[in-house]
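S.K.: The following block contains a protein sequence and its predicted model.
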Amino acid sequence: MPDDDSKIDHYVLEYRRTNFEGPPRAKEDQPWMVIEGIKGTEYTLTGLKFDMKYMNFRVRACNKAVAGEFSEPVTLETRAFMFRLDASTCHQNLRVEELSVEWDATGGKVQDVKAREKDGKGRTASPANSPAR
C-alpha cells in the first residue's frame, strides 16, 4: 500500500485466464488483459465468465512520468455455483426442462394440475383441498 504522500497517480491491472492452479506458467496461451487508470487501491473486475477455473492477476503503480515494476502475479479461482431447478416445485409460470427455463405467462402448471384433477390424479377429495375452502 502506498503512503498518503506518495506520487502514485494511478494503477494498471493485468489479468489473464489460465487452467492451472498456482504461479503463472512460463508460456501461457492467453494474453494479458489490461485495465489502466485505476485511481484507488481497490477495483472490482466485472464481466468475468466461469469458462476458465483460474485467473492470474498482477498490478503496478504509475506516476505521471513512469510505471513501476509489476507485482508478483497471483492466481485466483473463479468458482461457479452449480444448481438445478426443480420443475415440480418452481413457480407455476416457469417451464423447466433439463437445461432450459422458460417463462409461460399462461401459467402452464395450473393447466397441468387441472388436467390431473380431471383424470383423478390430482388433489384428493379431503375437506382441506375442497373448492369451498
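M.R.: Noted; the coordinates are in hand.
S.K.: In the chain, where is pLDDT below threshold?
M.R.: For the chain, the stretches with pLDDT under 70 are 1-5, 20-29, 50-52, 80-82, 107-133.
S.K.: any idea how it splits into domains?
M.R.: Residue ranges for the domains of the chain, per the TED database: 8-76, 81-108.
S.K.: Deepest-packed of the ones you listed, please.
M.R.: For these, the largest average neighbour count (mean count of other Cβ atoms under 10 Å) is found in domain 8-76, namely a mean of 12. C-beta: built from backbone N, CA, C; applies to glycine.
S.K.: Give me the distance between the two termini of that one.
M.R.: Using Cα to Cα, to the nearest Å, one end of domain 8-76 lies 26 Å from the other.
S.K.: Ok, stretch 65-85 next?
M.R.: When the termini of stretch 65-85 are compared using Cα to Cα, they are 55 Å apart.
S.K.: Stretch 40-58 now?
M.R.: Taking Cα to Cα as the measure, stretch 40-58 stretches 15 Å from start to finish.
S.K.: and if you look at stretch 38-58?
M.R.: Span of stretch 38-58 from end to end, Cα to Cα: 13 Å.
S.K.: Do a quick rundown of the strands in the protein.
M.R.: In the chain, the strands defined using DSSP state E lie at 10-18, 33-38, 54-62, 74-77, 94-97, 100-103.
S.K.: In CSV: these, plus distance to residue 83.
M.R.: Below are the strands of the chain laid out as CSV (distance: least, Cβ to Cβ, whole Å):
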stretch, distance to residue 83
strand 10-18, 23
strand 33-38, 29
strand 54-62, 22
strand 74-77, 19
strand 94-97, 12
strand 100-103, 12
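S.K.: Ok, which of the ones you listed comes nearest residue 47?
M.R.: strand 33-38 (10.4 Å; Cβ to Cβ).
S.K.: Name the strands paired with the closest one and say parallel or antiparallel.
M.R.: strand 10-18 (antiparallel) (DSSP bridges).
S.K.: and the strand it pairs with with strand 54-62, angle?
M.R.: Relative orientation of strand 10-18 and strand 54-62, computed by axes from the mean of the first three to the mean of the last three Cα atoms, to 10 degrees: 160 degrees.
S.K.: What would strand 10-18 look like as CSV? C-alpha coordinates only.
M.R.: Written as CSV, here are the backbone C-alpha positions of strand 10-18 (Å, rounded to 0.1, in the frame of the first residue of the first chain):
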residue,chain,number,x,y,z
HIS,A,10,-2.8,5.5,-10.9
TYR,A,11,-2.5,1.7,-11.1
VAL,A,12,-2.5,-0.7,-14.0
LEU,A,13,-4.1,-4.1,-13.5
GLU,A,14,-3.5,-7.0,-15.8
TYR,A,15,-5.2,-10.4,-15.8
ARG,A,16,-5.5,-13.5,-17.9
ARG,A,17,-7.3,-16.8,-17.8
THR,A,18,-5.4,-20.0,-17.2
